[in-house]
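S.K.: attaching a predicted model along with its sequence, questions to come.
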Amino acid sequence: MDEHAVVVADTAGVIQFWNRKAEAFFGYAAPDAVGQSLDLIVPEQYREAHWKGLRQAMTVGKATAEGTSFDLPINCRGGVTPFPATFRLIRDAGYSVIGAMLICTAPK
């Protein structure tokens, strides 16, 4: 896990967890990211689609991109960079969605 950036957000899209590799890859320290909206890392031109998809995933408990690998543009402190990424919904013991997790590896 030490070589992957991990970001966890709640159902409202507020960042709850930000690991050291996320700090290194994206350029924001954990104290500056945790508690912020995912808009911190979602490039402006993708925000409308991102929020529509996130709201739907949190409501229906499914996401089209869940478990697939894809290049995801991330709004880093130094500009937008595509990262190889995967996305997972986080569920509680009753299988209710309680958040989402993004896992990124170093850019190609």
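M.R.: Thanks, I have the structure now.

S.K.: could you use CA atoms for every contact and neighbour count after this?
M.R.: OK.

S.K.: confirm F87 sits in a strand?
M.R.: Yes. Secondary structure of F87 (DSSP: H, G, I helix; E, B strand; the rest coil): part of a strand.

S.K.: what's the neighbour count on it?
M.R.: By the criterion of other C-alpha atoms under 10 Å, F87 has 21 neighbours.

S.K.: and it, what is it in contact with?
M.R.: Contact analysis of F87 by C-alpha atoms under 8 Å, 6 or more residues apart in numbering lists A65, E66, G67, T68, S69, A100, M101, L102, I103.

S.K.: where do the strands of this structure begin and end?
M.R.: 5-10, 15-18, 69-76, 79-91, 97-104 (DSSP state E).

S.K.: low pLDDT regions in the chain?
M.R.: 1 (pLDDT under 70).

S.K.: any idea which residue of it is furthest from its center?
M.R.: The C-alpha centroid of the chain is most remote from G94, which lies 22.9 Å away (C-alpha atoms, centre = their mean).

S.K.: next one: that residue from Q56, what distance?
M.R.: As for G94, its distance to Q56 is 19 Å (criterion: C-alpha to C-alpha, to the nearest Å).

S.K.: what of G99?
M.R.: Distance from G99 to Q56, by C-alpha to C-alpha: 12 Å.

S.K.: which one's more surrounded, those two?
M.R.: A count of neighbours by other C-alpha under 10 Å puts G99 above the other of G99 and Q56, at 23 against 13.

S.K.: mind listing what the residue nearest to that one when sequence neighbours are not counted touches?
M.R.: Excluding the flanking residues, the one nearest G99 by C-alpha to C-alpha, 6 or more residues apart in numbering is D10, at 4.1 Å. D10 makes contact with Q16, I98, G99, A100 under the criterion C-alpha under 8 Å, 6+ apart.
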